[in-house]
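A.B. asks: build the 3D model from these lines:
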Amino acid sequence: MTRSVFITGGATGIGRATALLFARQGLFVGAYDIDEAGLEVLRADITAVGGTGVVGHLDVTDAEEVSQRLGEFHEAAGGRLDVLVNNAGLLNAGRFENIPLDVHHREIEVNVKGVVNGLHGAFPFLKTTPGAVVVNLASASAIYGQAELANYSATKFFVRAITEALNLEWAAHDIRVIDMWPLYVNTAMTRDVKTGTTDSLGIRLTAQDIAEGIVAAVDPALPRKVLRQVHFPVGVQAKALASGARFSPAWLTRWVNKRLAGH
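C.D. replies: As a prediction, this is how the structure comes out:
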C-alpha cells in the first residue's frame, strides 16, 4: 500500500522541497498552508514529477482545522498516515525588547501551539499506521539559547523537549518521533535576517538540503536505526555545534555561543 505524508507549511521553502522529494519517491503527499496560491503551484509541480496527493488551506494555530484536515487527508490516503512533518514556523530576529510583544506571541502560537495541534490531531491516525514517523522541525538554536533569536530559540527548545518525550511515550504505539536541527536555511524566512550568528556562520543551507535530511531521517541507515537517533543535525556546522555542546562543559558552550553571536 502507498505510504503517505502530511506536511504543514508546505507551500514554500522546506515544506515545498520536502513535498516534492517525497512525491518523487512515490508517497501520497498532503501539503497544507495558509498560502493557497503557493499550494496551487505545488499541486501542479507534484503532478509534473509523477507524484500524487492533495493540498489544502491550514492555519496550524487553529486546532479544529488541524484535526479536520488530518481526518480528510487520512481518508484520502486510504486510511494511512505514515509520516507527519510539522514544518510550519515563524522566525523573528532582533533584540528581544525591540520586537513587539504580539510578534513574540504569534511566533509562539505557530511554533509551539501549531506543533502541539499537529501532534495531538495526528495521533489517532499515526497509531493505526504501522511504523509511523513524526518529524518535527526544530533548529540548531535548540542546542543553546541564541542571542537575537531568544523567543524563536525558546520555541525550538520546546520542540526539542516534546520530541524527546514523545519519542519515549509513543514507542509503545510503534510511532517514531524525531526532529531536525538545521542552522540558517536560505528561504524567505531568513531573507531579511541579520544577526551576529548570520554574520559569523553565514546562511549556507538550502531547502533541498533539509528536505533530503528529512527523507533520510524517516528511513535511516542501520547505525542510526540501531542507536534510535532522535535529533538530526543538518549540515557540517550544526553537526559540529551539536557534538561540541554534548561533550564540552557548560561554560565553554556559553563562551562559544557568545563569540559566535558577537556579544
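
A.B. asks: past the longest helix anywhere in the chain, which element shows up next along the chain?
C.D. replies: Ranked by residue count, the top helix of the chain under DSSP state H comes out as helix 150-169. Elements were assigned by DSSP states H and E; along the chain past helix 150-169, the next helix or strand is strand 175-182.

A.B. asks: what strands line up against that following strand, and which way round?
C.D. replies: strand 132-137 (parallel), strand 231-234 (parallel) (DSSP bridges).

A.B. asks: comparing those by mean pLDDT, which bottoms out?
C.D. replies: When those are ranked by mean pLDDT, strand 231-234 comes last with a mean of 91.

A.B. asks: list of residues touching it?
C.D. replies: 138, 140, 160, 163, 178-183, 205, 209-210, 213, 217, 239, 241-242 (C-beta atoms under 8 Å, 6 or more residues apart in numbering). Where C-beta positions appear, they are placed from N, C-alpha and C, glycine not excepted.

A.B. asks: and for the residue nearest to residue 96 when sequence neighbours are not counted, the neighbour number?
C.D. replies: Using C-beta to C-beta, 6 or more residues apart in numbering and skipping residues adjacent in sequence, the residue nearest residue 96 is residue 150, 4.5 Å away. With neighbours defined by other C-beta atoms under 10 Å, the count for residue 150 comes to 18.

A.B. asks: for residue 148, same thing?
C.D. replies: 22.

A.B. asks: that one contacts residue 93, doesn't it?
C.D. replies: Yes: with contacts counted by C-beta atoms under 8 Å, residue 148 reaches residue 93, the gap being 5.6 Å.

A.B. asks: okay, and the common contacts of those two?
C.D. replies: residue 195.

A.B. asks: all strands for this structure, in order.
C.D. replies: 4-8, 28-33, 52-57, 83-86, 132-137, 175-182, 231-234 (DSSP state E).

A.B. asks: if we can go back for a sec, give me the residues contacting the longest helix of the chain.
C.D. replies: Everything outside helix 150-169 that qualifies as a contact, by C-beta under 8 Å, 6+ apart, is 86, 89-93, 96, 99, 104, 107-108, 111-112, 115-116, 119, 134, 136-139, 141-142, 145-146, 175-179, 228, 230-231.

A.B. asks: mind listing what's buried in that helix?
C.D. replies: For helix 150-169, burial by neighbour count (16 or more other C-beta atoms under 10 Å) applies to 150-160, 162-163, 166-167.

A.B. asks: where in the stretch 151-263 of the chain is pLDDT low?
C.D. replies: Low-confidence segments of the stretch 151-263 of the chain, defined by pLDDT under 70: 184-186, 188-189, 191-193, 196, 198-204, 256, 260, 263.
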